[in-house]
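1. Next one to model:
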Amino acid sequence: MNDEELSGRLREAAEAHRPDRARMLARIERGMAGDGPAPRSVRPPRAVRPWLRVAGATAAVCGVLAAGAFAVTSAGDDTRPRGGRVASAPSATAKAPDSPAAKAPLPPEDGPLWTGGVVDPNSNPYWAQSNVTLRTTEPLSALTVELRVAQTGGVNSTGSWRSLPEPDFTVSVDESGGYLVYRWTLRPGRTVPAGTHTFAGQYNHAEGDRDATGDYVTAHAVRASGGKAAVGDRFGRSQ
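-> Numbers count the residues shown, from 1 in each chain. Reported below is the predicted structural model:
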């Protein structure tokens, strides 16, 4: 085969293998429209992976610090609106109830009768005893002693006692008008002899030094010889 014949056959073969331009353009359009096969994911080289781990850890730390800063800022913001109010615990030195009875004159002495009230020195920041001293120079055929302990916070009764015989009195304890009220009443047909007698009310209260200036005691009596007497006294601040 001569050179001229070989060149002719090569031209014929090249013409027979011309690319199909229409098919190539169609494939390019499908690829641009997203219809073609999805590209394969490529893993980063090993030399780059430690840097990516450091960058990821740094981003995580920054996220934690940002969240912590937001929490601290929110906790310290006293001006932000709140959903509700928190009730505070009662103060041990809360002001005593302001009742008309507490303002009324309380004569400490009336005829044969005298009374005084004081907080027992053995009281403590959680518990107290209010002592009432009653003196009479004559026997009494009727007597009612009433001790009122102001509800200054957590005040509740733990008991009571008297120096006179227990069977001679009825005793009651209740709450009324912001006071814990102890009442000792002489039973009919009994007599209180002349002398000095003690009545005491015991109670728990809110922790701390309790302000007893709102507490007071009254006593109403009938003399065995006839005639009535009424006395009273206010307490001072407890120890």
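2. need the helices for the protein, in chain order.
-> 3-16, 21-33, 49-75, 100-103 (DSSP state H).
3. per-stretch mean pLDDT over these, give me the minimum one.
-> Lowest mean pLDDT within the helices of the chain: helix 49-75, at a mean of 38.
4. Just the CA atoms of stretch 229-239, as PDB, please.
-> Provided in PDB are the C-alpha atoms of stretch 229-239 (Å, rounded to 0.1, in the frame of the first residue of the first chain):
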ATOM      1  CA  ALA A 229     -61.400  45.100 138.800                       C
ATOM      2  CA  ALA A 230     -59.600  45.100 135.400                       C
ATOM      3  CA  VAL A 231     -55.900  45.600 134.700                       C
ATOM      4  CA  GLY A 232     -53.500  45.100 131.800                       C
ATOM      5  CA  ASP A 233     -49.900  45.500 130.600                       C
ATOM      6  CA  ARG A 234     -47.900  45.600 127.400                       C
ATOM      7  CA  PHE A 235     -44.800  43.600 126.700                       C
ATOM      8  CA  GLY A 236     -41.400  44.900 125.600                       C
ATOM      9  CA  ARG A 237     -39.000  43.600 123.000                       C
ATOM     10  CA  SER A 238     -37.800  40.000 123.700                       C
ATOM     11  CA  GLN A 239     -34.200  39.200 124.400                       C
END
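5. what mean pLDDT would you report for it?
-> 79.
6. Show residues contacting that stretch.
-> 102, 106-119, 121, 123, 128, 130, 209-223 (C-beta atoms under 8 Å, 6 or more residues apart in numbering). Placement of C-beta: from N, CA and C, glycine included.
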